[in-house]
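Novice: Predicted coordinates and the sequence they were generated for:
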Amino acid sequence: MAKASFYKYFQGKEELPLEMCIILEKNIEQDIRALYSKPDLTNHDKLHGFAVLYLKNLVENKVYLMMDLPEPSMLIFQNEQLNGAFEQHEYKLYKWVRDCLIDVFGPEIEDHAWDMTFVLKSVVFEYIRFFADRMNDETIEQLAQFIIFLSNSLVASLKSTDSASHLWSNQGWLPESILSNPFDQGRQINGLLYSLEDSILLSSWSSREKQEYQQIATLLKEEALKANPQMGLLKALFSYLEQRKELKKSLSFASKAVESYTPQQSSRRLEIHHSYSQLSL
């Protein structure tokens with residue numbers, strides 16, 4: 001990548017790791033929300049789905065490039081403002097791992113959830129550091145299965161002992177940050193869309209009308225639960241359903257939830273993603 005092209009996207013070399021982290025965070029947040037919007041997930045489904053989406057985003061967003069920047073002076077840690085911003089985004093990424101572990105294994109592991117997160121992220125990053133350029137869907141699945149095995153082993157070990165040492169306190173190794181919760185957001189969207197379906201089934205409409213609106217509601221749910229839904233299509237489907245006053249209350253809540261939980265990438269960020277993806281060529 002030419003030097004002139006680099007500075008088209010960044011003020012300086014220090015911005016690159018921060019922008020990579022922001023893009024990674026947004027993509028993972030969308031994918032978590034889509035995963036937790038699905039009904040009837042088992043604990044194994046949650047852990048497996050979370051592990052796969054997390055690993056795919058780490059590889060696809062080329063996080064391993066941050067591990068190979070040649071000079072420490074290029075990294076953001078010498079800039080206090082950028083360093084603070086980076087730590088906030090990094091905290092979100094690890095907090096979501098911790099939240100998933102607590103959701104899957106229960107609140108009894110909460111005191112050790114940060115320790116487990118640290119162990120798992122260390123394994124993942126060391127693996128990616130060595131094998132990122134050779135990773136594909138098959139190796140991602142293998143690593144995800146190992147993460148599941150390791151998680152289950154750690155929990156079993158914790159349950160079999162009366163006391164266990166701590167690596168980190170309840171706050172972990174990074175400063176706390178105010179953050180959104182894509183796990184609850186996904187559940188909320190799923191609940192609101194099912195409420196919409198119930199409103200159609202319980203209506204006094206004819207069978208033909210119910211069938212017609214159920215088909216539209218199904219299309220709406222399928223699109224809304226995607227990691228990257230098409231907002232134009234969602235608006236058109238909402239607009240069609242809003243013709244029936246009986247659905248307006250359910251639609252109002254569902255529409256606000258979907259729109260507020262669907263972050264839009266700026267054109268600059270898309271350009272940045274393209275620019276740093278060229279660094280590995």
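Specialist: Structure received.
Novice: Give the buried residues for the helix or strand that contains Leu158.
Specialist: Leu158 belongs to helix 137-159 when assigned by DSSP states H and E. Under the neighbour-count criterion of 16 or more other CB atoms under 10 Å, helix 137-159 has 140, 143-144, 147-148, 151, 154-155, 158 buried. For glycine as for every other residue, the C-beta is placed from the backbone atoms N, C-alpha and C.
Novice: and the least confident of these?
Specialist: In terms of pLDDT, the lowest of the buried residues of helix 137-159 is Leu158, showing 87.
Novice: Verify the contact between it and His112 for me.
Specialist: Yes: counting by CB atoms under 8 Å, Leu158 touches His112, with 5.6 Å between them.
Novice: What segments of this protein are helices?
Specialist: Taking DSSP state H, the helices of the chain run over residues 3-9, 15-36, 43-60, 64-67, 80-105, 113-131, 137-159, 182-201, 207-224, 231-241, 248-260, 267-277.
Novice: Point out the other helices and strands that the third one packs with.
Specialist: To tie it back to what came earlier, the one meant is helix 43-60. When contacts are defined as 3 or more CB pairs under 8 Å, 6 or more residues apart in numbering; DSSP states H and E, helix 43-60 packs onto helix 15-36, helix 80-105, helix 113-131, helix 137-159.
Novice: angle of the longest one against helix 113-131?
Specialist: When you say that, I think you mean helix 80-105. 110 degrees (axes from the mean of the first three to the mean of the last three CA atoms, to 10 degrees).
Novice: Please work out the average pLDDT along helix 80-105.
Specialist: For helix 80-105, the mean pLDDT works out to 81.
Novice: Against which helices or strands is that helix packed?
Specialist: Checked by 3+ CB pairs under 8 Å, 6+ apart, helix 80-105 has helix 15-36, helix 43-60, helix 113-131, helix 137-159, helix 182-201 packed alongside it.
Novice: Return the alpha-carbon coordinates of the longest one using PDB.
Specialist: What it means is helix 137-159. Written as PDB, here are the backbone C-alpha positions of helix 137-159 (Å, rounded to 0.1, in the frame of the first residue of the first chain):
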ATOM      1  CA  ASP A 137     -13.900 -22.500   7.800                       C
ATOM      2  CA  GLU A 138     -12.500 -25.900   8.800                       C
ATOM      3  CA  THR A 139      -9.700 -24.600  11.000                       C
ATOM      4  CA  ILE A 140     -12.100 -22.100  12.600                       C
ATOM      5  CA  GLU A 141     -14.500 -24.900  13.400                       C
ATOM      6  CA  GLN A 142     -11.600 -26.900  14.900                       C
ATOM      7  CA  LEU A 143     -10.500 -24.000  17.100                       C
ATOM      8  CA  ALA A 144     -14.100 -23.300  18.100                       C
ATOM      9  CA  GLN A 145     -14.500 -27.000  19.200                       C
ATOM     10  CA  PHE A 146     -11.300 -26.700  21.300                       C
ATOM     11  CA  ILE A 147     -12.500 -23.500  22.900                       C
ATOM     12  CA  ILE A 148     -15.800 -25.300  23.800                       C
ATOM     13  CA  PHE A 149     -13.800 -28.200  25.300                       C
ATOM     14  CA  LEU A 150     -11.500 -25.900  27.200                       C
ATOM     15  CA  SER A 151     -14.400 -23.900  28.600                       C
ATOM     16  CA  ASN A 152     -16.200 -27.000  29.800                       C
ATOM     17  CA  SER A 153     -12.900 -28.300  31.300                       C
ATOM     18  CA  LEU A 154     -12.300 -25.000  33.200                       C
ATOM     19  CA  VAL A 155     -15.900 -25.000  34.500                       C
ATOM     20  CA  ALA A 156     -15.700 -28.600  35.600                       C
ATOM     21  CA  SER A 157     -12.400 -27.900  37.400                       C
ATOM     22  CA  LEU A 158     -13.900 -24.900  39.200                       C
ATOM     23  CA  LYS A 159     -16.900 -27.000  40.300                       C
END
